[in-house]
Structure formats: C-alpha cells, structure tokens
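>>> This is the structure alone, sequence omitted:
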C-alpha cells in the first residue's frame, strides 16, 4: 500500500503509450527503464486498476477502524445511561444547586442540562477564589459516597470516544460503499466481456468435428486465453464477494452505535444540534475537571489533618511543660512549709547527737573542777 503512490506516478502518459505502440522492435533489448515503460503500457486501464487495488489493500484496515470506533461509541453511550456512580455525583450536583438557589426560580429543580457541568469549575466561592463549586461537589461525594469517585476510571472508553472524529468516520464509510459499488460494476463489466468470448456446448461439439479452425475462431480463442491470463478480474471478483458481506456488517455495527448514542443524548436531554464529538467532549472535560478538583480536595484534607496533628502535638508539649513547672513549684513549696517524712529521721539523729555532746562537755567540766 505504501508503494502505490510511487507506482501511480509511473503510469504512462498518452504520448508514451503512442511511442510504445509504434515500437516494432524486441522488448528484451530495451534498457531497464524503457522495458518497464513497455510492460506498463501493456496493462489495460492501469490507472483505474491501481485505484481498485488501493481499495482492496486498505479495505481491511478501514473496516477494522470503523468497527473499533463503533464499539467504543456503543460502550461509552451505554455506560452513560447505566453507570450508577456518575448518577450519584450528578445527584450531589443537583442537591447543591437546589440549596444554593433556594428561594429563587431555579430552586427545587428536578434536573439540569448538560452544559451546567462545565460551569461548576468556573463558579468561584466568594471567600476563596481558588475554590469552585466543583470542589464542593467532590468534597461532599468524598464524605458520603467515596466509591462514586471511580466513575473516573469507568469513563476511560468515553474519553477515548471523545477523541473520535465521527464526521470523518461517516465520510470514510460512505466513500468505501461508493468504491465497492464501483468495483462491483467493473467486475460485472469484465464478466460480461468474458461471457461474450465463450461459446455454447453445441458450438463446441461442432468445432471439435472441424479439422480446420477459422481465423475468427482462432482470434476468439486467443482473446479468451489472454483474458484469462490476466487475473485482475478473478482476484477482484473474489474480493468483492468477500468484501460486500463484511461491509454490510460494518454498516450494521455503525448504525447500532449511533442508535445507542442517540439514546444516551435523549437520556440527558442533550441538544442534538451539537455533534456527537461535542457531546462526548463535554463529558470528557467534566471528568478531567472533576479528577483535578478531587485531587486538590484530597491534598487540602491531608494538609488540614497534618496542621491539626501539629497543633495537637504542640499543645501536648505546652501542657507537659506547664505540668512539670507546676510540679516543681509544688515540691519547693512543700519543702519550705515542713520537713518531709524522709528528712525527719535525719533531724532526730542530729538532735540526739547534739544532746550527747552537751552531756559529755558537762562531765568533762566537772572532772576538771
């Protein structure tokens, strides 16, 4: 397939065809380039055949791409209608919206349009411009239904579907249908040409009894042999017979995907004047915004918990220091007011020793007298 553009540039022009047709020499003696031109000129309708070959070569990849895209759209659309996690998140959005709009015409609503989701990340809180309504939604969901956050993982096929160019896919499918129809017409034309070169069984028996072959019969046999030697008709006929049922299957898959997407859009009351790419794009943007808001909420919660822990630790240290100081003061005050039980025996021993020393001094004094 990659070499086809180069081959197409080598297709002989009308002047080259005339030059080759006027050549009466031997092809084997020609140079390599001239021999290539000579052989290319011998292929009937070369440019048309190359186009048909290109259709055949890219048919499988084109149909695979369309079927893959159809399955992605079908999965994403079905998920939007059945995923309970996103429904819980949307319920929180509706509840907060009704709370904020209480007492107004917008309050007590039963639902909201899809474009509201895009406004959540743009609605700032008055006290902190870095906090949006979407942060509050993520915080509430994180408190009451943290499992619902996993809709972000569930929506991976939807994010992929948002990247699809559905208009281009439809164009490719219509182009392929037109090309296959053209190729089928060409195969039918070649079959008609070949059928004209065939003869009935009665004529075959008549010819078998003839010893001499007429010039017309000889020319017919030569043309038929030359026609059958060219396998283009045979190859393309097999391709058309196999390709048309595959193409019908692709069309069915694509129609089913579009039906499921239409059901999803009606489910969310989406404006169907927008393209399917815009519909999936709105969900993809909301999913990305919600994931960022949730990450920021969790970071703030971790920071708040750390600040609370640090404050508690500092308070504990202050209390411990205060208690230690109070204990020291109490000990000093107690020692000043009265001897402790541990000091009483020591004081008694000191008093007894002093009394003994006084008696000894008195005895020594009497002896000296």
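Thanks, I have the structure now. Here the structure is a predicted model, which means the values were calculated and not measured.

>>> where do the helices sit along the stretch 251-369 of the chain?
Under the criterion DSSP state H, counting those that start in this stretch, helices of the stretch 251-369 of the chain are mapped to 276-337, 344-368.

>>> any idea which of these scores lowest on pLDDT?
Mean pLDDT is lowest for helix 344-368 among those, at a mean of 60.

>>> confidence score at residue 176?
The per-residue pLDDT reported for residue 176 equals 95.

>>> Any figure for the gap between the closest residue to residue 288 other than its chain neighbours and residue 78?
Nearest non-adjacent residue to residue 288, counting by C-beta to C-beta, 6 or more residues apart in numbering: residue 159, 7.9 Å away. C-betas here are computed from N, CA, C, even on glycine. Distance of residue 159 to residue 78, given as C-beta to C-beta, to the nearest Å: 15 Å.

>>> Which of the helices or strands spans the residue nearest to residue 288?
Using DSSP states H and E, residue 159 sits in helix 156-162.

>>> Name the residues of that helix that come out as buried.
Neighbour counts over helix 156-162 (16 or more other C-beta atoms under 10 Å) mark 157-162 as buried.

>>> Give the other helices and strands that it contacts.
helix 46-82, helix 276-337 (3 or more C-beta pairs under 8 Å, 6 or more residues apart in numbering; DSSP states H and E).

>>> For the longest one, name the packing helices and strands.
Meaning helix 276-337. helix 46-82, helix 116-120, helix 133-144, helix 151-154, helix 156-162, helix 166-197, helix 232-267.

>>> 10 Å instead?
Judged by 3 or more C-beta pairs under 10 Å, 6 or more residues apart in numbering; DSSP states H and E, helix 276-337 is in contact with helix 46-82, helix 84-100, helix 116-120, helix 133-144, helix 151-154, helix 156-162, helix 166-197, helix 232-267.

>>> I'd like to check the angle between that helix and helix 133-144, please.
Helix 276-337 runs at 60 degrees relative to helix 133-144, counting by axes from the mean of the first three to the mean of the last three C-alpha atoms, to 10 degrees.

>>> State the distance from the residue nearest the centre of the chain to residue 111.
A centroid search over the chain (C-alpha atoms, centre = their mean) returns residue 160, at 3.0 Å, as the residue closest to the centre. Counting by C-beta to C-beta, the separation of residue 160 from residue 111 is 27 Å.

>>> Next: residue 96.
On the measure of C-beta to C-beta, residue 96 and residue 111 end up 14 Å apart.

>>> Likewise for residue 275?
Applying C-beta to C-beta, the value for residue 275 to residue 111 is 23 Å.

>>> just residue 173 next, same as before
Distance, residue 173 to residue 111, by C-beta to C-beta: 35 Å.

>>> now swap in residue 54 and tell me
According to C-beta to C-beta, residue 54 and residue 111 sit 51 Å apart.

>>> neighbour-wise, which of those two wins?
Each of residue 54 and residue 111 has its neighbours counted (other C-beta atoms under 10 Å); residue 54 has more, 16 against 10.

>>> Scan the helices and strands of the chain for the one with the lowest mean pLDDT.
Between all helices and strands in the chain, the lowest mean by mean pLDDT, DSSP states H and E belongs to helix 201-208, at a mean of 52.

>>> got the contact list for the residue nearest to residue 35 when sequence neighbours are not counted?
Spatial nearest neighbour of residue 35, excluding adjacent residues (C-beta to C-beta, 6+ apart): residue 27 at 6.2 Å. Contact partners of residue 27, counting by C-beta atoms under 10 Å, 6 or more residues apart in numbering, are 20, 34-35, 38-39, 42.
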